[in-house]
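A.B. asks: need the 3D shape of this:
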Amino acid sequence: MDLSALRYAKTHEWTRVEGDVATIGITDFAVKALTDLVYVDLPAVGKKVNAGDELGEVESVKAVSDIYAPVSGEVIEVNTRLPDDLDLLSKDAFGKGWMVKIRLSNPADTNQLMDRTAYEAHCAHEAH
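C.D. replies: Numbers count the residues shown, from 1 in each chain. I've put the predicted structure just below:
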């Protein structure tokens, strides 16, 4: 997986756009920060979201963290394997650990997201 092809939100979601569909998940940085994941709540297919809206949540033994939609559109698919196999997030956050697919209603939303270099700088700053 070419991580430089992804776009990143400050809230630690990643986005891969193919045509008019965005695949979204949480980054490896977020997974490591949360540690010991115990639960994930994903939205229903058909849910319409705007960039910045709450999309679901991830719960670890130490915290519950909201997942935010980095783009606007309609949820067209959710990763149904994820709730029963949270290890996918720690083993393959950018691949099999994807969370939702959204049909974009405003492709320009991705222009507001960071590239990998900017995201890594954001994480380094946040870690201090």
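A.B. asks: quick one: the strands in this structure?
C.D. replies: Per DSSP state E, the chain carries strands over the ranges 7-8, 13-18, 21-26, 37-41, 48-49, 54-60, 64-68, 73-78, 100-104.
A.B. asks: nearest to residue 91, of those?
C.D. replies: strand 37-41 (11.4 Å; Cβ to Cβ). Where C-beta positions appear, they are placed from N, C-alpha and C, glycine not excepted.
A.B. asks: just to revisit the earlier point, take the strands of the chain and write them to JSON lines, including mean neighbour count and mean pLDDT.
C.D. replies: JSON lines is the format used below for those (neighbours: other Cβ atoms under 10 Å; pLDDT from 0 to 100):
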{"stretch": "strand 7-8", "mean neighbour count": "23", "mean pLDDT": "97"}
{"stretch": "strand 13-18", "mean neighbour count": "20", "mean pLDDT": "96"}
{"stretch": "strand 21-26", "mean neighbour count": "23", "mean pLDDT": "97"}
{"stretch": "strand 37-41", "mean neighbour count": "15", "mean pLDDT": "95"}
{"stretch": "strand 48-49", "mean neighbour count": "17", "mean pLDDT": "97"}
{"stretch": "strand 54-60", "mean neighbour count": "18", "mean pLDDT": "95"}
{"stretch": "strand 64-68", "mean neighbour count": "17", "mean pLDDT": "94"}
{"stretch": "strand 73-78", "mean neighbour count": "18", "mean pLDDT": "98"}
{"stretch": "strand 100-104", "mean neighbour count": "21", "mean pLDDT": "98"}
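A.B. asks: do you know how far the residue most central in space within the chain is from residue 56?
C.D. replies: In the chain, the residue lying closest to the centroid (Cα atoms, centre = their mean) is residue 25, at 2.6 Å. Separation of residue 25 from residue 56 (Cβ to Cβ, to the nearest Å): 11 Å.
A.B. asks: over to residue 73?
C.D. replies: In this view, residue 73 and residue 56 are 15 Å apart by Cβ to Cβ.
A.B. asks: also residue 82?
C.D. replies: For residue 82, the distance to residue 56 - Cβ to Cβ - is 10 Å.
A.B. asks: shared neighbours of the two, anything?
C.D. replies: Residues touching both residue 82 and residue 56 (Cβ atoms under 8 Å, 6 or more residues apart in numbering): 40, 42, 99.
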